[in-house]
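> Return atomic coordinates for the entry below.
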Amino acid sequence: MARLAPPHFLINKLCHCVSPHLSRTLTRKPQRSSSRMPSQLEGAMDALIAVFYNYSGNDGDKYKLNKGELKELLNSELTDFLTSQKDPMLVEKIMNDLDSNKDNEVDFNEFVVLVAALTVACNDFFQEQKKKTK
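Below you'll find the model as predicted:
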């Protein structure tokens, strides 16, 4: 399945606008402060990138999560989601579903698929709850 990519000019503009915030996240070094606070969406993007790189590379490739790193991330960052599940093989199943290139690691693009899918599922759940209360 081909991935849709935003136009190149849009990527450059977006990254330029967000880069002061993301640069601090990726380098963990203080950067020249931006003249404005990041928007909610910029903050969410920053947080997503920060979470991924906080867990990746502890046991190998710094740009990928191995199964242990993914499990640690899920246990720490999605605690309620994992504890509500009864399947002891859940992390293994998530890893297999996410690992589209079958290298036994999850790169950032594969990780974003998980976050997007969970976000859509949460939105669907809340929409259904809203319909039931009407």
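
> got the contact list for stretch 88-100?
67, 70-71, 74, 82, 87, 104-106, 110-111, 113-114 (C-beta atoms under 8 Å, 6 or more residues apart in numbering). Where you see a C-beta, it was placed from the backbone N, CA and C, and this is true even at glycine.

> Determine which two of these are furthest apart.
Asp87 and Glu105 (21.7 Å; C-beta to C-beta).

> So which of these two has more stuff around it?
Each of Asp87 and Glu105 has its neighbours counted (other C-beta atoms under 10 Å); Glu105 has more, 20 against 10.

> With adjacent residues omitted, what lies nearest to the more buried one?
Lys64 (3.9 Å; C-beta to C-beta, 6 or more residues apart in numbering).

> for that neighbour, which residues make a bridge with it?
Asp107 (DSSP bridges).

> pretty sure it is touching Val106, no?
Yes. With contact defined as C-beta atoms under 8 Å, Lys64 reaches Val106; the gap is 6.3 Å.

> Those two: which is more packed in?
Val106 (28 against 20).

> Can you check the pLDDT for the closest residue to that one other than its chain neighbours?
Nearest non-adjacent residue to Val106, counting by C-beta to C-beta, 6+ apart: Leu65, 4.5 Å away. What the model reports as pLDDT for Leu65 is 94.

> Quick check: the gap between Leu65 and Asp97.
For Leu65, the distance to Asp97 equals 14 Å [C-beta to C-beta, to the nearest Å].
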